[in-house]
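# structure for this input, please:
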Amino acid sequence: MATITIPKKLAGRDDLVVIPKKEFDDLIARAEKNAVGEQDVIRWSREAKQLHRAGKLPELTSLRRL
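Numbers count the residues shown, from 1 in each chain. Alright, predicted model coming up:
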């Protein structure tokens with residue numbers, strides 16, 4: 001088994017994760033495929049405005065109710 005030394009700068013905040021390269025590449029590819037772009041947000045905004053005008057959106061009174 002190989003032994004590596006990880007500098008404290010990298011592992012100091014307990015957020016270091018080690019995964020195989022292939023799994024990392026798969027995660028990156030999946031994230032890029034599902035990335036939300038500016039056009040998506042604009043389209044969702046238009047759709048929400050239309051639903052609001054039609055009275056099909058419930059009134060949001062509290063984030064806890066979501």
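
# can you give me the strands for this structure?
Assigned by DSSP state E, the strands in the chain number zero.

# tell me how far Lys8 lies from Asn34.
Per Cβ to Cβ, to the nearest Å, Lys8 is found 34 Å from Asn34. All C-beta atoms are positioned from the backbone trio N, CA, C, and that covers glycine.

# in the longest helix along the chain, what's buried?
Secondary structure assigned by DSSP state H gives helix 38-53 as the longest helix of the chain. The neighbour-count check on helix 38-53 (16 or more other Cβ atoms under 10 Å) flags nothing as buried.

# point out where this structure drops to low pLDDT.
Within the chain, the ranges that satisfy pLDDT under 70 run 1, 65-66.

# what are the ranges of the helices in this protein?
8-11, 21-33, 38-53.

# roughly how far is the shortest one from the heart of the chain?
Right, helix 8-11. With Cα atoms, centre = their mean, to the nearest Å as the basis, helix 8-11 stands 25 Å off its chain's centre.
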